[in-house]
Structure formats: C-alpha cells, structure tokens
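[1] Whatever this is, show me its structure:
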Amino acid sequence: MTSKAKLALFSRTYCHLCDDMLAALEALRSEFSFDLEVFDVDADAELEAKYDEFVPVLVGDGQELCHYFLDVPKVREYLGGFR
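    Numbers count the residues shown, from 1 in each chain. Now for the predicted structure:
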C-alpha cells in the first residue's frame with residue numbers, strides 16, 4: 001500500500017494567486033487523495049525570507065512542484081505516484 005501524498009502550500013492571506021492555487025488544488029481532490037498543509041509565510045520570518053516573492057509555492061516531499069500558478073500536469077504526475 002502506498003502512503004498518502006502530503007503537500008505544503010506556502011502562501012499569504014492577501015494573495016489572490018494563493019487563493020487561486022488553493023482552489024485549483026481543492027478541485028483535484030475529486031481525482032486524488034492528499035493531505036494539504038497551508039503555511040502563512042508572513043507568520044514566520046524564515047519562510048518569508050525563503051518564499052517571499054515566489055508565493056504561492058507548492059511543495060511535495062521537500063521538492064518544489066510549482067509557484068505562482070498550479071502546474072496541473074506536474075502535480076497530477078506527482079499525486080499519481082501515490083495511488
């Protein structure tokens with residue numbers, strides 16, 4: 001049995017691109033099962049320094065999958081490995 005995919009979304013509250021990526025990820029839930037943890041980069045100085053101008057950033061298994069916009073084919077490929 002393969003473990004469930006875990007994704008991390010680094011975002012901020014006033015970011016429309018972040019809202020768009022979150023909505024696009026939620027749409028993928030009908031196709032894939034995954035855990036999603038959302039981190040507010042503005043709440044952590046280290047995260048802000050790392051991701052500031054790149055949010056939203058989607059990370060899976062420590063690897064950046066995409067930033068700014070959801071790369072649907074890449075995320076589908078990543079999530080497909082957990083079926």
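[2] for the protein, what spans make up the strands?
    5-11, 34-40, 57-60, 63-67 (DSSP state E).
[3] and the longest helix seen in the chain, how far out from the chain's middle?
    Assignment by DSSP state H gives helix 16-27 as the longest helix of the chain. From the chain centre to the centre of helix 16-27 is a distance of 9 Å (C-alpha atoms, centre = their mean, to the nearest Å).
[4] Now do that helix and strand 63-67, the angle between them.
    Helix 16-27 and strand 63-67 are oriented at 110 degrees to each other (axes from the mean of the first three to the mean of the last three C-alpha atoms, to 10 degrees).
[5] I'd like to know which elements helix 16-27 is packed against.
    strand 5-11 (3 or more C-beta pairs under 8 Å, 6 or more residues apart in numbering; DSSP states H and E). Where C-beta positions appear, they are placed from N, C-alpha and C, glycine not excepted.
[6] Which residues does the strand it packs on contact?
    Outside strand 5-11, the residues that touch it by C-beta atoms under 8 Å, 6 or more residues apart in numbering are 18, 21-22, 25, 32-41, 47, 51, 55-61, 65, 78-79, 81-82.
[7] okay, which residue is most central for the protein?
    Nearest residue to the geometric centre of the chain (C-alpha atoms, centre = their mean): L58, 2.9 Å.
[8] Give me the pLDDT for the residue lying closest to that one once chain neighbours are set aside.
    Ranked by C-beta to C-beta, 6 or more residues apart in numbering and with sequence neighbours excluded, the top spatial neighbour of L58 is L65, at 4.7 Å. At L65, the predicted lDDT confidence score is 98.
[9] That concludes my questions; thank you for your assistance.
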